[in-house]
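In: Dropping a prediction and its sequence here:
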Amino acid sequence: MSETGKVVGLFGGGLSAKPKPKNGGKIRKPAKIPGVMTNEPGTETTTKQKLLLIVGTGLIVALVFSGTIFGVNLVHQDKALPRTELSGIDVGGKSRPELIEVANDLDDQLRIIITNDGKTAQPTLAELNVQLDRNKTADNAITLNGTRNMLTPFLIWQPHLADVSAKYDAASLKEYLKKAFPDSFSDPTDARIEWNGESNSFQAIPAIPERLIDPEQLIQSIDRVLSSPTTNKTAQVAVKTTQRQPVINDTKAAEAVDYINARLGRAIQLYVDGRIAYHSTPAEIADWVKINFNRQTSKYDVAFDVDKIEQKIRSDMAGSVSDATRDQINFASSDGRTIVLQAGQSGYGVTNAREAAEAINQALDSNQDLNYNLAFDRTDFQTQTIQDTGEHWMEVNLTNQTATMHSGDVAIMTYSISSGKPGIGVTYPGTFHITWQARIRDMPDMPNVEWISYFDVEGRAFHATYWHSNFGQPMSHGCINMTYLAAEAVYWFVQPGSRVEIHW
């Protein structure tokens, strides 16, 4: 067995023999290394002491640093830090009340020089309705616009800039700009569509753009002067006059004009028994046009008025191939009498006027010509009844040449009359009363005058007139000339004592 041989145990483990020393039989002890734990007595205790010393020192340093931070921040609590500037003013160390006083002074100091097209204005913030928020401005100086933290007071080499806080709105700024530079503002005029009778067509009248100064240009300058770090409390800004097109511009008006004019020349013909009874003209079609600007679609809505078309059909046919129907109007007097104020008249008229109007509307909308046959039949009048509401009295308007029946405060019927003609006779204004009435009698130079109601002692009266029909013009010797129907209605409506008011 060699010097380093092993003795093998029963379980296969080995016990190594101690090596023999090669240096004469002495074994050297390992050298001690500082800070390394050994198995020697007292070494472990020394290392723990060193660790405790390090930890303790760190805690003391941390406490001293925290105390310093706390102390410094306590000194500057609710105050502006050193080297804090508010609009170029050093406010370091100032308290909240002192900062509010600084903000008060800024109200008159901050100015903006505005130039526009060679003109200049120098408003104060108050003239621009810019309201300084003094408390918020003080907060900005103390909190450095919300960025201040516990370490900020130690950045002594760095200046701190605080913003001036204010409230303002674009509408107030625009109003000031209007007053300062009135030539730079004008209201817009939308493009219009008008009828030109000479050319028998519609034409577009050009729009006029709005002139204005955009207040946004001024807002940027206000923001700049409020946050300016310099001692110069004046900002200069050159604002430009701009133009803004109105909602209804030339293009939109021209599109509508083209649409309408293309339909004015359409041939709309109405037939009665195979004969042309009506042929449209461009001016008549133009009268049916309805033009409305739709602000949701930003376009013109062009349509044709079916009601107007129907009215045109009925009026053109009346008196030529038809007789107009006239409703009867009755007055139910409180004493049980029924007075006919307007006699009814049956007619012979168009029965499909509405259908014809709708067909014309569809044809024009489709930009097509139209031939349409009208149908006729007898139409009976309707009867309307007006109820009595009070005193029966007459009103004569000499200016309008009318006589109006009143029941209490309600005007129930107005008739065209002829009063005294200058140079022949006079109808005097004033308050009169019916004196007496006659069914028929002779009057000076006028025999068999009917339905007479006298209202003054000189013999002036309401009465029927057969010698002229020029009602609406002064024609009489002083009486109130009326149609037979009107004079009869007055005769039954009034009675002796009824009031008559005559005025110009």
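Out: Thanks, I have the structure now. Numbers count the residues shown, from 1 in each chain.

In: for this structure, longest helix please?
Out: Longest helix of the chain, by residue count under DSSP state H: helix 43-75.

In: Going C-terminal from it, what's the next secondary structure element?
Out: Once the chain leaves helix 43-75, the next helix or strand it forms, by DSSP states H and E, is strand 84-86.

In: and for that next one, what are the contacting residues?
Out: Contact partners of strand 84-86, identified using C-beta atoms under 8 Å, 6 or more residues apart in numbering, comprise 80, 90-92, 99, 102-103, 106, 137, 140-141, 144, 159-162, 164, 229. Every residue, glycine included, has its C-beta placed from N, CA and C.

In: I'd like the distance from that strand to the chain centre, please.
Out: When distances are taken as C-alpha atoms, centre = their mean, to the nearest Å, strand 84-86 is centred 44 Å away from the chain's centroid.

In: Give me the sheet partners of that strand and which way each runs.
Out: Strand pairing for strand 84-86, determined by DSSP bridges: strand 89-90 (antiparallel), strand 160-162 (parallel).

In: would you list the ones you listed in JSON lines and tack on distance to residue 203?
Out: Conversion of the strands paired with strand 84-86 to JSON lines gives the following (distance: least, C-beta to C-beta, whole Å):
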{"stretch": "strand 89-90", "distance to residue 203": "64"}
{"stretch": "strand 160-162", "distance to residue 203": "62"}
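
In: Could you dump the ones you listed into JSON lines and include mean neighbour count?
Out: Shown next, in JSON lines, are these (neighbours: other C-beta atoms under 10 Å):
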{"stretch": "strand 89-90", "mean neighbour count": "16"}
{"stretch": "strand 160-162", "mean neighbour count": "22"}
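
In: Dump those strands to a markdown table, plus distance to residue 352 and mean pLDDT.
Out: A markdown table is the format used below for the strands paired with strand 84-86 (distance: least, C-beta to C-beta, whole Å; pLDDT from 0 to 100):
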| stretch | distance to residue 352 | mean pLDDT |
| --- | --- | --- |
| strand 89-90 | 88 | 86 |
| strand 160-162 | 84 | 85 |
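
In: Which stretch among those strands approaches residue 122 most closely?
Out: Distance to residue 122, taken as C-beta to C-beta, is lowest for strand 89-90 among the strands paired with strand 84-86, at 20.8 Å.

In: average model confidence for the helix or strand that the closest one is followed by?
Out: Counting by DSSP H and E, the element after strand 89-90 in chain order, helix or strand, is helix 96-109. Taken as a whole, helix 96-109 has a mean pLDDT of 83.

In: In terms of secondary structure, what does helix 96-109 contact?
Out: strand 84-86, strand 131-132, helix 134-143 (3 or more C-beta pairs under 8 Å, 6 or more residues apart in numbering; DSSP states H and E).

In: Can you tell me which of those is most buried?
Out: strand 84-86 (a mean of 22; mean count of other C-beta atoms under 10 Å).

In: what mean pLDDT does that strand have?
Out: Averaging pLDDT along strand 84-86 yields 85.

In: now swap in stretch 163-172 and tell me
Out: 85.

In: Over to stretch 454-462?
Out: Averaging pLDDT along stretch 454-462 yields 95.

In: Need the contact partners of that stretch.
Out: For stretch 454-462, contacts defined as C-beta under 8 Å, 6+ apart pick out 394, 403, 427-428, 432-438, 451-453, 478-480, 482, 487, 490-491, 500.

In: how about a cut-off of 6 Å?
Out: The contact list for stretch 454-462, computed with C-beta atoms under 6 Å, 6 or more residues apart in numbering, reads 432, 434, 435, 436, 452, 453, 478, 479, 480, 487, 490, 500.

In: Run through the helices of the stretch 351-500 of the chain in chain order.
Out: Taking DSSP state H, counting those that start in this stretch as the test, the helices found in the stretch 351-500 of the chain are 353-365, 484-493.

In: Just say which of these is most tucked in.
Out: Most buried among those, counting by mean count of other C-beta under 10 Å: helix 484-493, with a mean of 21.

In: Would you mark the buried spots in the strand or helix carrying residue 258?
Out: Using DSSP H and E, residue 258 falls within helix 250-264. Across helix 250-264, burial judged by 16 or more other C-beta atoms under 10 Å covers 252, 253, 256, 257, 260, 261, 263, 264.

In: Thought residue 269 was touching residue 371, still the case?
Out: Yes - here residue 371 reaches residue 269: they are 5.1 Å apart, a contact under C-beta atoms under 6 Å.

In: and the residue nearest to residue 303 when sequence neighbours are not counted, how many neighbours?
Out: With C-beta to C-beta, 6 or more residues apart in numbering as the criterion, residue 303 has its nearest non-adjacent residue at 4.7 Å, and that residue is residue 290. By other C-beta atoms under 10 Å, the residues close to residue 290 number 11.
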